[in-house]
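Asker: From the sequence below, what's the structure:
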Amino acid sequence: MMTGDLDELSISLILPEKVKSGALVPGSLVVTNQGQTTVKAVDPGYHGALNLVVFSPTWDQVFPSYMGKIHIARSEVEIAAGESKSFAFNDLVFTTGTAAVGFRLPPGVYYVAAFYHPGFTAVVSAVKTLVVE
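Answerer: The predicted structure is shown next:
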């Protein structure tokens with residue numbers, strides 16, 4: 001059960017500036033509780049809690065590829081007032097309701113944003129530029 005004011009959460013997407021074509025794109029999502037009380041929210045690794053959106057240089061959406069069916073046990077995190085938690089990932093992969101989806105990006109410049117749905121709200125990161133060489 002989510003508790004605390006989820007509207008007080010903010011997120012930052014951390015990505016490398018450049019990666020080689022075919023390489024994994026490691027990164028992290030930093031979730032900050034800007035409120036006055038501890039927040040209990042859905043872990044970003046849970047189904048549909050984190051979505052990554054990728055755009056081409058002309059701002060066309062790049063659609064992820066289906067990578068297989070997946071089931072992840074529900075888990076929650078607590079973030080104290082004024083604190084941040086970092087959630088690392090090894091690649092631009094996330095889960096929808098029952099599928100793992102991800103991106104295999106050819107060389108080019110891309111723009112990436114994260115959408116985190118910790119409960120009854122959604123939080124959007126700033127857009128990050130990713131160069132694939």
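
Asker: For Leu105, list the residues it contacts.
Answerer: By CB atoms under 8 Å, 6 or more residues apart in numbering, the contact set of Leu105 is Ser21, Val25, Val54, Val62, Leu92, Leu130, Val132. For the C-beta atoms, the positions are set from N, CA and C on the backbone; glycine is no exception.

Asker: same thing but 7 Å
Answerer: By CB atoms under 7 Å, 6 or more residues apart in numbering, the residues touching Leu105 are Val132.

Asker: how far does the biggest strand by length in the chain sit from the chain's center?
Answerer: As assigned by DSSP state E, the longest strand anywhere in the chain is strand 108-116. Centre-to-centre, strand 108-116 and its host chain are 9 Å apart (CA atoms, centre = their mean, to the nearest Å).

Asker: quick one: what helix or strand has the residue of the chain most remote from its centre in it?
Answerer: Ranked by distance from the centre of the chain (CA atoms, centre = their mean), the top residue is Gln36, with 24.1 Å. Using DSSP states H and E, Gln36 sits in no helix or strand.
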